[in-house]
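> show me the folded form of this:
(one chain, ligands or ions: 2)
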Amino acid sequence: MRAGFIAVVGRPNVGKSTLINKLVSEKVAIVSNKAGTTRENIKGILNMAGNQYIFIDTPGIHKPKHLLGEYMTYSAIKILKDADIILMVLDGSQEISTGDQFVMEKVLEAKRTPRILVINKIDKLSDEKLAEKRKEVVEKLGEFDGIVEIAGEYGIGLGKLLNTIDPFLEEGIQYYPEDMYTDMPVYRIISEIVREKILLKTRDEVPHSIAIEIINVEKRETGKDLFNINIYVERDSQKGIIIGKGGKLLKEIGIEARREIEILLGREIFLDLHVKVKEDWRKKKPFLKELGYFDEN
Ligand SMILES: Nc1nc2c(ncn2[C@@H]2O[C@H](COP(=O)(O)OP(=O)(O)O)[C@@H](O)[C@H]2O)c(=O)[nH]1
Ligand SMILES: [Mg+2]
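Numbering: from 1, shown residues only. Ligands and ions are numbered 1, 2, ... in the order given. Presented below is the predicted three-dimensional model:
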């Protein structure tokens, strides 16, 4: 067996989580068009042709505005030191920005780690634009051990990406059993599914202000288990938005989340969602700790 830990980093929204889900053919990380969707490092494991690829999805590297943001950027940067291979992902349909250059600075700090640049979303690019992009990459970011063009969402270029990673895998190692595709505990995945359904239905500051906590699960010998879940927001007004007129939006969120959780668990459940206000929770250390969004370092 050959294996390696592959850190997948980049600015928010470039398509890191979409790529990893596609690579492992399972939804390990939630995806939305909102920056800040991924809040912690998540492993997606792919076993193929005697190779074990352990992809580590990371929060987008950005300038933090609160303690949660600090934790997110810190998590992404920290993993760069431990990875065997770094994939830096760009949104090919956008100009290379100071944000991408900031990510690159961090990548360069892991001096000896092989680094591969992934130009994503090429479905949005003409051939001419793509050629320009290749030039721009070398001018604005510097040298890589490989450059691969993909459209993660459509599974384009993934074989080429794996081939580019292969030479850097380490011989004689298997880190995880072959039937394991993530290290995320199932309750964490359930919380993330609920959060995703809210992200997809809200905008502005609301998506960033949400936290999910499973309060308890009532196991029932006969019938369906009951999941009691709290949705935290930062303001009263946000609570109103999530509940919606006559409770309409919260009901929709509940139905969509429940369907997906039932597929994950392979059985039917009851889902009881409650919206609670915790003022400015993203700035509060004890609450961040409780949610698992904290690292003493
Ligand atoms: N057109 C296009 N959109 C993509 C592609 N990959 C991801 N996206 C979209 O980009 C947005 C951000 O994706 P996500 O995976 O959450 O980005 P992340 O923040 O880097 O993890 C979502 O709306 C995706 O549907 C792609 O290959 N092509
Ligand atoms: Mg993500």
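> C-alpha only now, for contacts and for neighbours.
Fine.
> quick check: closest non-adjacent residue to the residue of the stretch 151-297 of the chain found nearest ligand 2.
Of all residues in the stretch 151-297 of the chain, residue 196 sits closest to ligand 2, at 11.1 Å by Cα to the ion. Among residues not flanking residue 196 along the chain, residue 30 sits closest, at 6.0 Å (Cα to Cα, 6 or more residues apart in numbering).
> how about residue 236?
residue 277 (6.3 Å).
> now the one you found, which residues is it bridged with?
Taking DSSP bridges as the rule, residue 277 bridges to residue 233.
> what segments of this structure are helices?
In the chain, the segments counted as helices under DSSP state H are 16-24, 67-82, 98-109, 127-140, 158-165, 186-201, 236-243, 248-265, 285-291.
> winner for burial among those?
helix 16-24 (a mean of 23; mean count of other Cα atoms under 10 Å).
> contact partners of that helix?
8-10, 27-31, 38, 44-46, 55, 57-58, 89, 152-153, 155, 158, 181 (Cα atoms under 8 Å, 6 or more residues apart in numbering).
> those, buried ones only, as a PyMOL selection?
Buried residues among the contacts of helix 16-24 (16 or more other Cα atoms under 10 Å), as a PyMOL selection:
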select buried, resi 8+9+10+27+28+29+30+31+38+44+45+46+55+57+58+89+152+153+158+181
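> so which of the contacts of helix 16-24 reach ligand 2?
residue 38 (Cα under 5 Å from the ion).
> show me what from the chain comes close to ligand 2.
Counting by Cα under 5 Å from the ion, the chain sits next to ligand 2 at 17, 38.
> most remote residue from the chain's center?
Distance from the C-alpha centroid of the chain peaks at residue 222, with 35.8 Å (Cα atoms, centre = their mean).
> check the spacing between that residue and ligand 1 real quick.
38 Å (Cα to the nearest ligand atom, to the nearest Å).
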